[in-house]
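Undergrad: Got a predicted structure here, sequence first:
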Amino acid sequence: MEGNNPLSSAYRHALLEAIDDGFCIIEFIDGPHGPLSDYVHIEANSGYHRHTGIEGIVGKRLREIEPDNAQVWLDVYGQVLLTGQPLRFEQEFQAVGRHIEVSATRVGPVEMRQVSVLFRDVTARRRTETALRENVQRVQLALEAGAIIGTWIWDIPSDRLNVDEGFAVAFGLAPDRDLSRLSIADVMEAVHPDDRELLAARIRETMARGGTYAHQYRTRRCDGRYYWLEANGRVELTPDGVPSTFPGVLIDIEGRRAVEAERDRALAALRSLNETLEQRVQERTTALLEAEEALRQAQKMEAVGQLTGGLAHDFNNILAGISGSLELMKVRMAQGRISDIERHLNGAQSAVKRAAALTQRLLAFSRRQTLDPRAADLNRIVADMHELIGRSVGPAITVETIAAGGLWNTFVDIGQLENALLNLCINARDAMPHGGRLTIETANRWLDDMAALQRGVAPGQYVSLCVSDTGTGMSPDIVARAFDPFFTTKPTGQGTGLGLSMVYGFAGQSGGAVRIYSELGQGATICIYLPRHLGEGGEEDLPVPEEAGATPAPGSKTILVVDDEPLVRMVTVEVLADLGYSVLEAEDGPMALKLLHAYPELDLLITDVGLPNGMNGRQLADAIRAPRPDLPVLFVTGYAENAVLNHGHLERGMQVLTKPFAADVLARRVKELVGEDEERKRREAHRGN
């Protein structure tokens, strides 16, 4: 009954807590791993936590604490349980990263399955012992290698130095000197005069703080010469901070210092060489840059030659057609054969259209075409063009479209994009002379820094439009030149070589890029990457087909035409007058402003972008729209004054028309603009209903 006595229990607890070491009693149990395959802690003192860092150990199982190393402890404590023989050992407690010194004894008979464990944390001691062994090994290796040339022990309070023979040699001490009874002054005599003051200061500093010491200086040996050495030691302090002993070793660094001196001489020589070398390198670099610039100029001239050659070829054909048609018209008019004139007139107009298309493609390649961008849904554009593409490529080619769900909008000139897509599809058709499959695919793309660098664009979100074929493919050298103007692999007369050039320039001018992925015999994929536009695209954003006709407008509308080219201005004015409009004309901005004061009731401004006399077309439009912000404006341009037009970001009521233009196209655009207010009111009224 004594075991249940509270006083006895308190006495037992106080006794266990008085033990600074960790203490616990474990009880073996059967588990999933077999009989006696685990044990539980049934009692422990607070020292257990101090020596292991584990709190609340009572009730915890071994495999719960250290599952990966459980069998080691089971084997050791199991031996104590089964034999009854106490055991003392050291073991790493992996779960807490510590080494413990253990004394284990069985409690009672084996049937109780209990073992008492008394232990302490000896991690610091083990580390010290390990470091000491490593230090001894390092010193031994150094001595054997000849790096350490001497050792000393200095008893600081008695100022007695005990040195070995190597130390005596390094300091030039006489052979008959007692090496166990030297003073610090004795050895200081051998130190180089220039080094003594600093050496003494370093010794005083180390003695004041204790700990490690290292210093390099020169000593005189028996031959009278000074040699470099390094002294390494450690000052031991008493508990009250008084320096007691100062042991250390000497290391020969004469060879190292010689190498360093040689290195310093070499560096000095190299610096001297660099002074003249930099000048030679600069001269050579200048020569290389000049050669590179000459090569670049030659390549530029070659490209210009190729471009002008292609232009001359195509424009000579066009001019020959126009000139011949005009000559025949003149002859037929003189002959009175009026019925033949229309055929020659149509031929001349066809040649003019070819010239306009050629110019447009050249401007597209050079990223100088005038664009009219708007928010667009590529899926809708591809769907609307599916039938046209099918007719263009013929029945032998299967056309498949893969439209990405949730496709982002992009901001692009829809008409130019349609031209680019049709160009790519026709190129794909030509690469599949015996038929095949043409795939048009849209997708959302995130281009990181690397992907964007490869495509020559800024990182960010893009929409891709890819055209793939199962045709002949392209070799790497053809891929490298595919976007060059007038480069074509087709037979003479079957291609201008401007299709891909136009696509390349259009994509770049739209803030995107185009890439070719192809191998010979493996087909080709050409992808256009266009920046994502966060706005919405709608039906009203789609362009009206150019074939749409135009009917005369009411004569009550007044239009001001501004163009510095008299012939173009004359044609424009006559076309508008024939349609029943009241037309005013001016050759530059200042004259247009004077006319506006005389005729304030203006319904439309048609102006060339590039005007003389200090005011361009956009500045004129802004000046006129300042008091009348709703006045429609039609910009006419034969060149890409895209920066003047704010890169296509035009305000409501502004449109762009590119020269040369057909009369019916001009008429349709004018009708759209002068009737814009009425149309907008009609749409708003329709939405209200």
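TA: Good, I have the coordinates. Residues are numbered from 1 along each chain as shown.
Undergrad: what's next to stretch 50-67, contact-wise?
TA: 21-22, 24, 26, 29, 31, 33, 38-44, 48-49, 70, 73-74, 93-96, 98, 100, 119-121 (CB atoms under 8 Å, 6 or more residues apart in numbering). To be clear about C-beta, it is placed using only N, CA and C from the backbone, and glycine gets the same treatment.
Undergrad: filter the residues you listed to the buried ones?
TA: Buried members of those, scored by 16 or more other CB atoms under 10 Å, are 21-22, 24, 26, 31, 38-41, 43-44, 48, 70, 73-74, 93, 95, 98, 100, 119-121.
Undergrad: and Asp448, what does it touch?
TA: Each residue near Asp448 by CB under 8 Å, 6+ apart is listed here: Pro459.
Undergrad: Now it: phi and psi?
TA: Dihedral pair for Asp448: phi -80, psi -170, per degrees, to the nearest 10.
Undergrad: What ranges does the stretch 1-150 of the chain have for its strands?
TA: Assigned strands in the stretch 1-150 of the chain, in chain order: 22-31, 34-44, 87-93, 98-107, 114-121, 148-155 (criterion: DSSP state E, counting those that start in this stretch).
Undergrad: For stretch 443-453, which residues meet the burial criterion?
TA: The neighbour-count check on stretch 443-453 (16+ other CB under 10 Å) flags 443, 445, 447, 452 as buried.
Undergrad: Distance to Ala586, pLDDT and secondary structure added to those residues, as JSON lines?
TA: Output for these, formatted as JSON lines (distance: CB to CB, whole Å; pLDDT from 0 to 100; DSSP: H, G, I helix; E, B strand; the rest coil):
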{"residue": "Ala443", "distance to Ala586": "49", "pLDDT": "92", "secondary structure": "strand"}
{"residue": "Arg445", "distance to Ala586": "48", "pLDDT": "89", "secondary structure": "strand"}
{"residue": "Leu447", "distance to Ala586": "47", "pLDDT": "88", "secondary structure": "strand"}
{"residue": "Ala452", "distance to Ala586": "47", "pLDDT": "85", "secondary structure": "helix"}
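Undergrad: Need those in TSV (columns: distance to Ser339).
TA: Converted to TSV, the buried residues of stretch 443-453 look like this (distance: CB to CB, whole Å):
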residue	distance to Ser339
Ala443	56
Arg445	58
Leu447	61
Ala452	62
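Undergrad: Out of those residues, the closest to Ile253 would be?
TA: Ala452 (55.1 Å; CB to CB).
Undergrad: ok, the closest one touching Trp446?
TA: No - if you go by CB atoms under 8 Å, Ala452 and Trp446 don't touch, sitting 9.7 Å apart.
Undergrad: For burial, what's the neighbour tally of Asn379?
TA: The tally of other residues near Asn379 (other CB atoms under 10 Å) stands at 19.
Undergrad: what does the one 4 residues further on give?
TA: When neighbours are counted by other CB under 10 Å, Ala383 registers 13.
Undergrad: Please apply the same query to Leu530.
TA: With other CB under 10 Å as criterion, Leu530 counts 27.
Undergrad: partners of it in the sheet?
TA: Val463 (DSSP bridges).
Undergrad: Pull the contacting residues for it.
TA: Contacts of Leu530 by CB under 8 Å, 6+ apart are 378, 410-412, 462-465, 507, 510-512.
Undergrad: among these, which are in strands?
TA: Those of the contacts of Leu530 mapping onto strands are 410-412, 462-465, per DSSP state E.
Undergrad: can you map out the helices along the stretch 501-650 of the chain?
TA: Taking DSSP state H, counting those that start in this stretch as the criterion, the stretch 501-650 of the chain contains helices spanning 566-578, 589-598, 617-625.
Undergrad: helices or strands next to the first one in the packing?
TA: By that I understand helix 566-578. Helix 566-578 is packed against strand 558-562, strand 582-586, helix 663-674, with contacts defined by 3 or more CB pairs under 8 Å, 6 or more residues apart in numbering; DSSP states H and E.
Undergrad: can you rerun that using 10 Å?
TA: Judged by 3 or more CB pairs under 10 Å, 6 or more residues apart in numbering; DSSP states H and E, helix 566-578 is in contact with strand 558-562, strand 582-586, strand 604-608, strand 633-637, helix 663-674.
Undergrad: who does the fourth one pair up with?
TA: Right, strand 633-637. Sheet pairing here is set by DSSP bridges, and for strand 633-637 it gives strand 604-608 (parallel), strand 654-658 (parallel).
Undergrad: Please identify the buried residues of stretch 588-596?
TA: 588-589, 592, 595-596.
Undergrad: now stretch 104-113
TA: The neighbour-count check on stretch 104-113 (16+ other CB under 10 Å) flags 104, 106-107, 113 as buried.
Undergrad: Could you do stretch 611-618 as well?
TA: Across stretch 611-618, burial judged by 16+ other CB under 10 Å covers 611, 615-618.
Undergrad: could you redo these as TSV and give each row distance to Pro660 and pLDDT?
TA: Output for these, formatted as TSV (distance: CB to CB, whole Å; pLDDT from 0 to 100):
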residue	distance to Pro660	pLDDT
Leu611	18	81
Met615	24	79
Asn616	20	82
Gly617	17	85
Arg618	21	84
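Undergrad: Redo the residues you listed as JSON lines? Include distance to Leu237.
TA: Below are the buried residues of stretch 611-618 laid out as JSON lines (distance: CB to CB, whole Å):
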{"residue": "Leu611", "distance to Leu237": "93"}
{"residue": "Met615", "distance to Leu237": "91"}
{"residue": "Asn616", "distance to Leu237": "88"}
{"residue": "Gly617", "distance to Leu237": "91"}
{"residue": "Arg618", "distance to Leu237": "86"}
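Undergrad: what's the neighbour count on the residue nearest to Thr637 when sequence neighbours are not counted?
TA: Nearest residue to Thr637, sequence neighbours excluded (CB to CB, 6 or more residues apart in numbering): Val609, at 4.2 Å. Counted with other CB under 10 Å, residues neighbouring Val609 total 21.
Undergrad: Distance check, Val609 against Pro590.
TA: Plainly put, Val609 is 16 Å away from Pro590 if you go by CB to CB, to the nearest Å.
Undergrad: ok, now Met502?
TA: Where Pro590 is concerned, Met502 sits at a distance of 37 Å (CB to CB).
Undergrad: and what of Ser501?
TA: Distance from Ser501 to Pro590, by CB to CB: 40 Å.
Undergrad: Kindly report the same for His13.
TA: 109 Å.
Undergrad: Does Thr607 touch Leu584 like I think?
TA: No - in this structure, Thr607 is not within contact of Leu584 by CB atoms under 10 Å, at 11.8 Å.
Undergrad: Compare neighbour counts for those two and give me the winner.
TA: Neighbour totals were compared for Thr607 and Leu584, and Thr607 leads with 26 against 17 (other CB under 10 Å).
Undergrad: where's that one relative to Val575, distance?
TA: Applying CB to CB, the value for Thr607 to Val575 is 16 Å.
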